[in-house]
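Q: Requesting a structural model of the entry that follows:
(chains A and B)
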Amino acid sequence: MGGTLKRAQEHLALAVAGVVLCALVLLPLVGVVAEAPSGALATLVSPRPWLLLLRSCALAAVVTACALAVGLPLGLLLGRADVPGRRAALLLHALPAFLPPFIVALGWFNLPHGNALFSFAGAVCVETAVFAPILTILVAVGVRGVDPSLEEAGRLTASPWKVATRIVLPAAWPAAALGALLVFALSLSELGVPLFLRVRVYPAAVFARLGSIDFAPGEAAVLALPMLAIAAALLLVERRIGVRRSFAVLGLRSEERPLLALGRHRTTATIACWLAAAASVVPLLGLAIRTLRDGGFAQVEIGASAWNSVVPAALAASVLTVVGIVTGRAVARDRPGSRLLDALAVLGFVTPAAVLGVGIITVWNRPSTAVLYRSLAILAVGFAARYAVIPSRAIAVAIAQGSAHLEEAAAVHGAGFLRRMRRIVVPLHWRAISGAWLLAFVFCLRDLETAVLFYPPGSAPLTVRILTMEANGAAAIVAALSLAQCGLVAAAVALGAWLLSGALR
Amino acid sequence: MKRVLLLLLLSFACKRDVREVVVYTSVDQPFSEPIFREFEKRSGLKVLAVYDTEETKSTGVLNRIIAEAQQPQADVFWSGDPVRPFLLVKRGLVEPYLSPAAASVPAQFKAADGTWTGSAARARILLVNRQKISPADMPKSVRDLAAAKWRNQTAVANPLFGTTTMHVAALFSAWGDDKARAFLDELKGNGTRIASSNGEVRRLVAAGEVALGLCDTDDAAEALHDGAPVEVVYPDQDGIGTLVMPTTVVLLKGPHREAARALVDWLVSADVDKRMAESAAHMPLRREVQVRGVRSADSFRSMQVDYARLGDETEKIQPWLRQWAGL
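A: Reported below is the predicted structural model:
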């Protein structure tokens, strides 16, 4: 009996993770689709939504191209080259990625700007500023994960430039590809920036069924279907290029590698890197100028909103990390059913937040779950539904790079699944797991579009408070609140990085 | 780690207070929040509020009330306009209540059956940048937004959201479908910018990025307060008049009935009328409430509208508006 239970542990754990993911992601979506009127599919018959989708795809494609143009060289330089202060530059460059994109747009708006800001090109620039750092970070981490023996062999006969372009950069291709896919998906589903910059995009058409006067969640769900189809296609592409096994994330490996010497190009590269880093924080400068000039900090009242952001974000990140250990390992070891769970998590990430939000209200606003729905816990549920893929993928990548031999040996000696996880997988990948928690926490902390739909009365998180105060609130107060949000995220990232570096030592 | 989780769980469990009332509002948070705070001080009740965003103004929280209909969470809806509450009345989500505090509110601004009660009002005005348009050249009508001489120099908020929805519905009602549609098409042809919100229209006009725009009186007051070079024009004084929109208080079938009635009484009181006039430049509905620098609703020619009919009109024109907006 004991032996049977031991053998079943892994399946049971996966089943529990599956149930959690279904409850978080699938149920809300089924809830929305089930309420769709029979004629809802007719919304997809007219050419209008398809033209809009094409426009959105074009925007996402241009943003992705720009992000590649910025992120590839920056990732290489800041990840491996002897650029002075490269870690600080990377952190500065990465900051906009950890903020609600809307705040970055607001920052640019507070600086002198021409009409061009309110255009397709303006949206490309703002979204590139927000999403390119994701690509930079992935490439930077990817180039750090290149096998040092390959580089050493290359150095014997080739120049550092050749080593960089022929060995390091090609090895980081999967990281860049995943980054590009992520940027495309994020840009395609972005609503706040295009809405603010008056650029018509497909997510706005979905939102119009939920935010305008003829509330039609079923139609919104139907309209979201093409976006989900695109997401599925992206997932297939990602699986074909096999990025899971090919690179490390979050600096999971601890080996030190020699930096690539830039030689006479070092000054130029350093200036370019720091200019890019400075450009990333320019919108924050716009917010700071507005705050300081008009005394925003003296008037601002953050109240409990920071707490309302941190608590559900921490809870969601913790739950997701536990689930992510099970699903991430299953994905890394290609266990049966793991791809389905992974696809489910991706579904939550790419579904328009407004559709997911209405689904969450449908599922969780019931007498039996009233306590949860009326508390901050509902935010944790929403965050978990949306960001389940993040810790799961981060942990999957870390585990995929390690050997399965230790686990196999333990299994031969009778260790059950849970024991192997507790004694081998978790200790071995503790740093990656902590990094995954931090990443999930930061994504939850920056969330706006999910939380705004169902935050508990009187408990608005900081991002929502910024948006609601933006309605006729003093610009200085809005800017001060936005800077407080930046500070909150920066503090979380810095604290996490410090703790992680401590764990490394 | 266990302690942290325990603290987190405790933080969820300890938040609720029995003496509370839940209000959803599309009245701007900078103005409505102090009103709720004052009520808390006076009544000892805790107000738990959900505010709307500028982009989804009036409709975000409205749709949340509809989405939550199976298990109502909100006790009171304080709407920024008088049209949206009718959508809730139609769905049977409203508990009629004739507040004694609203006895002095003029009859045209409240429902005889107690389904809704008007409070401090706004008007739809033209905000004009003085540096771009001379006094002699001031616009007089909303039709001027489509005038060729201001090509690419005008702005309106997206009519799918906010008070612009109601204004467009009022134009459809006043002019008829064909004229109203032609006007909106002319706006497009004239390069009118479709801003994400009235607040953005204000910013565009104040910054001189456009010469004039259509927004609400509270947006104009904000621009004037900031010292922007703007002028306020009450449009169509020779014609259909300016649209007046009282904020509207509705009692919902939420879980805290008694506390909700107390909050409704407060929100429709003359005291709140005065406070909203002072802080948000809203027009008091009662003649006896006078605030310096704030025009009263009877000081200009207002558009004759039936708010209930506008509610129907608003719903009717939605598909066409979405098409017009390219969504």
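Q: mind checking the longest helix of chain A?
A: In chain A, assigned by DSSP state H, the helix with the most residues is helix A:47-80.
Q: Looks to me like B:Tyr24 is in a strand.
A: Yes: the assignment for B:Tyr24 by DSSP: H, G, I helix; E, B strand; the rest coil puts it in a strand.
Q: That one and chain A, how far apart?
A: Here B:Tyr24 is placed at a distance of 7 Å from chain A (CB to the nearest CB, to the nearest Å). For the C-beta atoms, the positions are set from N, CA and C on the backbone; glycine is no exception.
Q: Verify the stated contact: that residue with A:Gly458.
A: No: the criterion here is CB atoms under 8 Å, and B:Tyr24 misses it with A:Gly458 at 11.1 Å.
Q: residues touching the residue in chain B that chain A sits nearest to, list them.
A: Chain A sits closest to B:Leu48 of chain B, with a gap of 3.1 Å, by CB to the nearest CB. Going by CB atoms under 8 Å, 6 or more residues apart in numbering or on different chains, B:Leu48 touches A:Pro456, A:Pro457, A:Gly458, A:Ser459, B:Glu20, B:Val21, B:Val22, B:Val23.
Q: now swap in B:Arg130 and tell me
A: With CB under 8 Å, 6+ apart, B:Arg130 has these contacts: B:Pro229, B:Val230, B:Glu231.
Q: ok so, going back, check which helices and strands the longest helix of chain A sits against.
A: Where contact means 3 or more CB pairs under 8 Å, 6 or more residues apart in numbering or on different chains; DSSP states H and E, helix A:47-80 is packed against helix A:86-94, helix A:120-144, helix A:173-189, helix A:202-211, helix A:217-241, helix A:266-293.
Q: any chance of these in JSON lines, plus distance to A:Ala385 and mean neighbour count?
A: Shown next, in JSON lines, are these (distance: least, CB to CB, whole Å; neighbours: other CB atoms under 10 Å in any protein chain shown):
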{"stretch": "helix A:86-94", "distance to A:Ala385": "25", "mean neighbour count": "20"}
{"stretch": "helix A:120-144", "distance to A:Ala385": "21", "mean neighbour count": "25"}
{"stretch": "helix A:173-189", "distance to A:Ala385": "14", "mean neighbour count": "23"}
{"stretch": "helix A:202-211", "distance to A:Ala385": "16", "mean neighbour count": "26"}
{"stretch": "helix A:217-241", "distance to A:Ala385": "14", "mean neighbour count": "18"}
{"stretch": "helix A:266-293", "distance to A:Ala385": "29", "mean neighbour count": "18"}
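Q: Nearest to chain B among the ones you listed would be which one?
A: Distance to chain B, taken as CB to the nearest CB, is lowest for helix A:202-211 among the helices and strands packed on helix A:47-80, at 4.2 Å.
Q: And for the closest one, what's in contact with it?
A: A:49, A:52-53, A:55-56, A:188-191, A:194-195, A:215-217, A:219-220, A:223-224, A:226-227, A:352, A:354-355, A:358, B:55-56, B:59-60, B:63, B:160-161, B:322, B:325, B:327.
Q: B:Tyr24 and A:Gly458: who's more crowded?
A: Each of B:Tyr24 and A:Gly458 has its neighbours counted (other CB atoms under 10 Å in any protein chain shown); B:Tyr24 has more, 26 against 20.
Q: what bits of the chain have low per-residue confidence?
A: With no chain named, the answer covers chain A. Low-confidence segments of chain A (pLDDT under 70): A:1-3, A:5, A:145-147, A:211-214, A:241-257, A:471-472, A:501-505.
Q: should've been chain B
A: Low-confidence segments of chain B (pLDDT under 70): B:1-18, B:54-59, B:327.
Q: now the residue nearest the centre of it: how far from B:Gln70?
A: Among the residues of chain B, the one closest to the centroid is B:Gly80, at 2.7 Å (CA atoms, centre = their mean). Computed as CB to CB, to the nearest Å, the B:Gly80 to B:Gln70 distance reads 25 Å.
Q: Which single residue in the stretch 401-505 of chain A comes nearest to chain B?
A: Per CB to the nearest CB, A:Gly458 is where the stretch 401-505 of chain A lies closest to chain B, at 3.1 Å.
Q: so is that residue in a helix, a strand, or just coil?
A: Applying three-state DSSP: A:Gly458 is coil.
Q: from memory it sits against B:Ala49, does it?
A: Yes: A:Gly458 is in contact with B:Ala49 according to CB under 8 Å; the separation is 5.9 Å.
Q: Spit out the residues that contact these two alike.
A: Counting by CB under 8 Å, 6+ apart, the shared contacts of A:Gly458 and B:Ala49 are B:Val22.
Q: re the thing from before, quick one: which of the contacts of B:Arg130 is nearest to A:Ala330?
A: B:Val230 (61.0 Å; CB to CB).
Q: I'd say that closest one and B:Ala206 touch.
A: Yes: at 6.0 Å, B:Val230 counts as touching B:Ala206 under the criterion of CB under 8 Å.
Q: Can you pull the residues that touch both of these two?
A: Common contacts of B:Val230 and B:Ala206 (CB under 8 Å, 6+ apart): B:Leu127, B:Asn129, B:Ala223.
Q: Looking at the residues you listed, state which has the most neighbours.
A: Within the shared contacts of B:Val230 and B:Ala206, most neighbours by other CB under 10 Å means B:Leu127, with 28 neighbours.
Q: and it, which of the three is it?
A: Here B:Leu127 is strand, with the state taken from three-state DSSP.
Q: Would you mind listing the residues in contact with it?
A: Applying CB under 8 Å, 6+ apart to B:Leu127 gives the contacts B:201-202, B:205-206, B:212-215, B:219-220, B:223, B:230-233.
Q: from what I can see A:Val323 touches A:Val19, true?
A: No: the pair A:Val323 / A:Val19 is not scored as a contact, 10.1 Å apart, by CB under 8 Å.
Q: Thank you kindly, that will do.
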